[in-house]
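Asker: I would like to see how this sequence folds:
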Amino acid sequence: MDSQNLLVSQSESVATITINRPQARNALDSLTIAELRQAFSSCASDASVRVVLMRGAGAVAQKRIASRRSFAERFDPSAS
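Answerer: Got it, this is the predicted structure:
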């Protein structure tokens, strides 16, 4: 799959989709959304893929994920 904004790899039964737009804090634009749809569709049609891991490139994405977890935990303790 050719992609401008995603890195897609597979190791055994785990596919990893990385949004590779750290300069834009991995924001989802129309091209990235179209590429994500194509990547998820490809994973869904591949019987060897059992798990899809989605990540964002760069440190900002990791901080955002942590922030969302913290936010969710404040309102729903079972979210952790």
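Asker: Now do the strands in the chain.
Answerer: Assigned by DSSP state E, the strands in the chain fall at 6-11, 14-19, 51-56.
Asker: Okay, angle between the second one and strand 51-56 too, please.
Answerer: Going by axes from the mean of the first three to the mean of the last three Cα atoms, to 10 degrees, strand 14-19 is angled at 20 degrees with respect to strand 51-56.
Asker: Can you list the neighbours in contact with strand 14-19?
Answerer: With Cβ atoms under 8 Å, 6 or more residues apart in numbering as the test, strand 14-19 has contacts from 5-10, 26, 28, 32, 36, 39-40, 43, 46, 49-57, 61. (Glycine included, C-beta is placed from N, CA and C.)
Asker: so of the strands of the chain, which one's packed in deepest?
Answerer: strand 14-19 (a mean of 18; mean count of other Cβ atoms under 10 Å).
Asker: for the chain, which spans come out with low pLDDT?
Answerer: Scanning the chain for pLDDT under 70 picks out the ranges 1, 60-80.
Asker: Tell me which stretches of it form helices.
Answerer: For the chain, the helices defined by DSSP state H cover 30-45, 59-75.
Asker: For the shortest one, list the C-alpha coordinates in PDB.
Answerer: Output of helix 30-45 as PDB, limited to C-alpha atoms (Å, rounded to 0.1, in the frame of the first residue of the first chain):
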ATOM      1  CA  SER A  30      -8.900  14.100   4.600                       C
ATOM      2  CA  LEU A  31      -5.900  12.300   3.000                       C
ATOM      3  CA  THR A  32      -4.900  10.600   6.200                       C
ATOM      4  CA  ILE A  33      -8.400   9.500   6.900                       C
ATOM      5  CA  ALA A  34      -8.700   8.000   3.400                       C
ATOM      6  CA  GLU A  35      -5.400   6.300   3.900                       C
ATOM      7  CA  LEU A  36      -6.600   4.900   7.300                       C
ATOM      8  CA  ARG A  37      -9.700   3.600   5.700                       C
ATOM      9  CA  GLN A  38      -7.600   1.800   3.100                       C
ATOM     10  CA  ALA A  39      -5.200   0.400   5.700                       C
ATOM     11  CA  PHE A  40      -8.000  -0.900   8.000                       C
ATOM     12  CA  SER A  41      -9.800  -2.400   5.000                       C
ATOM     13  CA  SER A  42      -6.600  -4.100   4.000                       C
ATOM     14  CA  CYS A  43      -6.100  -5.500   7.500                       C
ATOM     15  CA  ALA A  44      -9.700  -6.600   7.700                       C
ATOM     16  CA  SER A  45      -9.400  -8.600   4.500                       C
END
